[in-house]
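In: When you get a sec, could you give me coordinates for this:
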Amino acid sequence: MATAEQLKSLIRSHLSDDEERFMTVALQVAAHEAVQGHGALAHDIRDIVDKARRTRGPNVLLKFPQELSGLVLSERADIPLAALVLSEPLIERIRRVIHEHRQQEKLKSHGLGHRRKLLLAGPPGTGKTMTARVLAHELKMPLHTIQVDRLVTKFMGETGAKLRTIFDLIRDVPGVYLFDEFDAIAGDRALDNDVGEMRRVLNALLQFIEQDASDSLIIGATNNLRLLDKALFRRFDDVLHFVLPDDSERKTLITNVLGTFRPRTLTWKSIVTACSGLSHAEIDMAVRDAVKDAILHDRKTIQQDALMDALNDRRSAQPV
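Out: Numbers count the residues shown, from 1 in each chain. Predicted coordinates for the structure are as follows:
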């Protein structure tokens, strides 16, 4: 049967006439039943929800409290794990998060919890946000992205109250919650430019994260771990480090994006060299520029010169 928190969430969403929230929790119940070995029941619940969503339309998402308007972006992620182009050790750690989530009841029966508080760190464009989308897709949960920078700058005096509302949402509505630009509210308290207000916000954040016992997956993303307060690290179940792609990953990424526009022959050595210093996102954009060039010139495949130019353009746009 559903957990007590899931039953309470179903009742709350029904009484507040929040259909999408009701369906989200229903899918969590289905996942719970599947873990318990009740595959037929899980299938029936998913089928009911899928039919209802097809009837209502695909774009109806969670209705957030008015005070969070513009601060939380909701989406249904559709990126599978196979789409990630990362090192095998990092992929394996992501698989472990997914596996533990699916087997959480087995872990709970032994007094253990599954990984559900993650810290993602690495340069921009290396796959942190995409990983959050993959986790949401694989766990069949909605992705809710908290715009941390807007939370701080727009509601400076009320940030703590907004954080409490967000963590109430995390408790009541299971999903993947991504705190983007996490260091905006989780900066090191020892920094000279720290102010009293932000220290109070950080203390509240530490408390909320530590006390959270929801069914949601909480993800903090930062470009620089050194900016974060040291007390944060023990609050997270795992820290995943993202880096620029190596030669093998560059080739795989380019091949994946090219698809049917890949020519029979490419001089990979020079192409991979041209990718030096570029992130996953920058390589992706460069390849798409080459594909657009082929389309606009009515070609069925890209030209290597166009791809090299696009990669060089991306490199030249980087700050010195």
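In: secondary structure element for the residue nearest the centre of the chain?
Out: When CA atoms, centre = their mean is applied to the chain, the residue found nearest the centroid is Ala132 (1.7 Å). Using DSSP states H and E, Ala132 falls within helix 128-138.
In: tell me what that helix is packed against?
Out: helix 88-102, strand 117-121, strand 143-147, strand 176-180, strand 217-222 (3 or more CB pairs under 8 Å, 6 or more residues apart in numbering; DSSP states H and E). C-betas here are computed from N, CA, C, even on glycine.
In: Try it again at 10 Å.
Out: Here helix 128-138 touches helix 88-102, strand 117-121, strand 143-147, strand 176-180, strand 217-222, helix 280-296, going by 3 or more CB pairs under 10 Å, 6 or more residues apart in numbering; DSSP states H and E.
In: Now the ones you listed in JSON lines, please, with extra columns for mean neighbour count and distance to His110.
Out: Listed next are those as JSON lines, based on neighbours: other CB atoms under 10 Å; distance: least, CB to CB, whole Å:
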{"stretch": "helix 88-102", "mean neighbour count": "15", "distance to His110": "12"}
{"stretch": "strand 117-121", "mean neighbour count": "23", "distance to His110": "19"}
{"stretch": "strand 143-147", "mean neighbour count": "23", "distance to His110": "30"}
{"stretch": "strand 176-180", "mean neighbour count": "25", "distance to His110": "25"}
{"stretch": "strand 217-222", "mean neighbour count": "25", "distance to His110": "21"}
{"stretch": "helix 280-296", "mean neighbour count": "19", "distance to His110": "37"}
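In: right, so of these, which gets closest to Thr267?
Out: The closest of the helices and strands packed on helix 128-138 to Thr267 is helix 280-296. By CB to CB, the value is 14.1 Å.
In: I'd like the average pLDDT over that closest one.
Out: Averaged over helix 280-296, pLDDT sits at 95.
In: just checking, what packs against that helix?
Out: Against helix 280-296 (3+ CB pairs under 10 Å, 6+ apart) you get helix 128-138, helix 247-258, helix 268-274, helix 304-316.
In: now stretch 109-119: how far from the chain's centre is it?
Out: 18 Å (CA atoms, centre = their mean, to the nearest Å).
In: oh sorry, the question was meant for stretch 252-261
Out: Worked out by CA atoms, centre = their mean, stretch 252-261 lies 23 Å from the chain centre.
In: Any buried residues in that stretch, and which?
Out: Within stretch 252-261, the residues that count as buried by 16 or more other CB atoms under 10 Å are Leu253, Ile254, Val257, Leu258, Phe261.
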